[in-house]
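**Student:** Task: produce atomic coordinates for the following.
(one chain, ligands or ions: 2)
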Amino acid sequence: MTDAADDPDAESLAERVRDGDLALHELDEHADADTATAARRLVVDADTGASLETVGNYGFPAERAESNIENMLGTVQIPVGVAGPVDVNGGAADGEGYLPLATTEGALLASVNRGCSVLSQAGGANARVLKSGMTRAPVFRVTDVVEAEALVSWVRDNVDRLTEAAESTTSHGELDDVTPYVVGNSVYLRFRYDTKDAMGMNMATIATEAACDVVETETEAELVALSGNLCTDKKPAAINAVEGRGRTVTADVTIPREVVENRLHTTPGDIAELNVRKNLVGSAKAGSLGFNAHVANVVAAMFLATGQDEAQVVEGANAITTAEERDGDLYLSVSLASLEVGTVGGGTKLPTQAEALDILGIRGGGDPAGSNADALAEYVAVGALAGELSLLSALASRHLSSAHAELGR
Ligand SMILES: CC(C)(COP(=O)([O-])OP(=O)([O-])OC[C@H]1O[C@@H](n2cnc3c(N)ncnc32)[C@H](O)[C@@H]1OP(=O)([O-])[O-])[C@@H](O)C(=O)NCCC(=O)NCCSC(=O)C[C@@](C)(O)CC(=O)[O-]
Ligand SMILES: NC(=O)C1=CN([C@@H]2O[C@H](COP(=O)(O)OP(=O)(O)OC[C@H]3O[C@@H](n4cnc5c(N)ncnc54)[C@H](OP(=O)(O)O)[C@@H]3O)[C@@H](O)[C@H]2O)C=CC1
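**Tutor:** Ligands and ions are numbered 1, 2, ... in the order given. The predicted structure is shown next:
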């Protein structure tokens, strides 16, 4: 952190920006990252009257964020806490763990913490990654449907060539599938990759560009855009709900009736009925893609804490919660169709986010590759299960507004 007001280099650089000699984004070419950041604060301070003292009070060298942001001013700090420990019986995550969550919503941590404590009292939650693959779907222009069909046939006959081109760009990524979709004279090729421990959006995009070069060289098709929106990244989309994207992950638990009554102040039957009327029928009537109560809360909070791409909360929250009364006990599950997570790359290498991954013991690449990102997906799913359990219970016992009045204001 540099105190901008006391840094002569920052002051003289800010002066050059004010004189029109330099653009804000050119400052890094003339100073180290901290000084450039301090100079930018001086310019914005002077132009807007905003005091950026706290934004400038960050705890790691600005150069550590160079591949994460341009025109950096400092950092926005979001409180981070833990829920747990929670017992997880996962395919990749196993044993007791604390879940790091960053949020500004009072009562959220308390709620997930209560859910985690009840999950552990019930013997722990199961979690499994059922499918994994990051997609990129370029769109090509062809003349007509005759040419479209010819392109689809060519792709089906030449998957090996596309795989060779795509995989030449990465030592970790593997191309698992290419599915063509045709709409008139537009052809979309949905490439799906195993991206191991990376969320994989850069990796898949770079690999797909190499495959597109082969398509353009060998066929009449012309690439219109490397992303044709059938991927689908950062937009609500049924294709992700049905086909999955990133990790498709499910968690479940069976909770004895007396634990539900004593710890959650309600009954298995009341939670099951509430789940049908709220999460299933209510969501259907609303035309919602999210058949759950607040999976987005846990996905967003764990994404922020662990350095995931926050815009992908859109598809991460694409989840269905089910609840049944079984022999008097409560069976609860949550299935997240398209959770895009990684433990390498992107924001995961920022110092505070890397520390949050250390809480889970899954910073960096796993052994085997992909196992750390699988474990992260399972921890997020168990956190979502804990959140669903606690919020559904609070609604069933009519404690929601009092809890937020007490903890969230
Ligand atoms: C607030 C509680 C947990 C109280 O619940 P309670 O059962 O009255 O609390 P308690 O004092 O008996 O404590 C029970 C457990 O809760 C945890 N707990 C309790 N307090 C704390 C705390 N300060 N810090 C950390 N953990 C806490 C802790 O695990 C504790 O166990 P213990 O360790 O004592 O054995 C409960 O009423 C609750 O979960 N309410 C629901 C709140 C919630 O889920 N909010 C989520 C956000 S709502 C939203 O954003 C979306 C929404 C609602 O619009 C979506 C929709 O449409 O459905
Ligand atoms: N380009 C785009 O269109 C979009 C980009 N993004 C951004 O992309 C970033 C995430 O992309 P992503 O590709 O995940 O990350 P990075 O671009 O940071 O790349 C991660 C790289 O880490 C290397 N690597 C090392 N160890 C492993 C391992 N165990 N498993 C997998 N890879 C490993 C791989 O190199 P190698 O390939 O050489 O093996 C991989 O390509 C985020 O910042 C996100 O915001 C988000 C949406 C769209």
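**Student:** can you pull out the strands in the chain?
**Tutor:** All strands of the chain, identified by DSSP state E, fall at 80-90, 94-102, 125-136, 139-141, 174-183, 186-194, 222-225, 246-255, 319-326, 329-339.
**Student:** Could you identify the longest helix within this structure?
**Tutor:** Longest helix in the chain by number of residues (criterion: DSSP state H): helix 371-396.
**Student:** Present the strands of the chain as CSV; the columns should include mean neighbour count and distance to Asp309.
**Tutor:** In this view, the C-beta of every residue, glycine as well, is placed from N, C-alpha and C. CSV is the format used below for the strands of the chain (neighbours: other Cβ atoms under 10 Å; distance: least, Cβ to Cβ, whole Å):
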stretch, mean neighbour count, distance to Asp309
strand 80-90, 21, 18
strand 94-102, 20, 14
strand 125-136, 22, 12
strand 139-141, 20, 22
strand 174-183, 16, 21
strand 186-194, 22, 16
strand 222-225, 13, 20
strand 246-255, 24, 10
strand 319-326, 20, 18
strand 329-339, 25, 12
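**Student:** Tell me which of those strands sits nearest to Gly200.
**Tutor:** strand 125-136 (3.7 Å; Cβ to Cβ).
**Student:** and the closest one, what does it pack onto?
**Tutor:** Applying 3 or more Cβ pairs under 8 Å, 6 or more residues apart in numbering; DSSP states H and E, we find strand 125-136 packed against strand 80-90, strand 186-194, helix 201-218, strand 246-255, helix 371-396.
**Student:** And ligand 1, is the longest helix of the chain touching that?
**Tutor:** Yes: using Cβ under 6 Å from any ligand atom, helix 371-396 reaches ligand 1 at Ser390, Leu391, Ala394.
**Student:** what's the weakest-modelled helix or strand in the chain?
**Tutor:** Across the helices and strands of the chain, mean pLDDT, DSSP states H and E gives its lowest value to helix 400-407, namely a mean of 78.
**Student:** Now that helix: buried residues?
**Tutor:** For helix 400-407, burial by neighbour count (16 or more other Cβ atoms under 10 Å) applies to Ala403, His404.
**Student:** now swap in stretch 341-354 and tell me
**Tutor:** In stretch 341-354, counting by 16+ other Cβ under 10 Å, buried: 341-350, 352-354.
**Student:** what bits of the stretch 51-200 of the chain have low per-residue confidence?
**Tutor:** For the stretch 51-200 of the chain, no stretch is flagged by pLDDT under 70.
**Student:** got the residues of it near ligand 1?
**Tutor:** Of all the residues in the stretch 51-200 of the chain, those lying near ligand 1 are Glu105, Ala107, Leu108, Leu109, Ala110, Ser111, Asn113, Arg114, Ser117, going by Cβ under 6 Å from any ligand atom.
**Student:** Those, buried ones only, as a ChimeraX selection?
**Tutor:** The following ChimeraX line selects those of these that are buried, judged by 16+ other Cβ under 10 Å:
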select :107,108,109,110,111,113,114,117
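**Student:** Dump the residues of the stretch 51-200 of the chain next to ligand 1 to a markdown table, plus distance to Ser168.
**Tutor:** Listed next are these as a markdown table, based on distance: Cβ to Cβ, whole Å:
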| residue | distance to Ser168 |
| --- | --- |
| Glu105 | 45 |
| Ala107 | 50 |
| Leu108 | 45 |
| Leu109 | 45 |
| Ala110 | 50 |
| Ser111 | 48 |
| Asn113 | 47 |
| Arg114 | 50 |
| Ser117 | 49 |
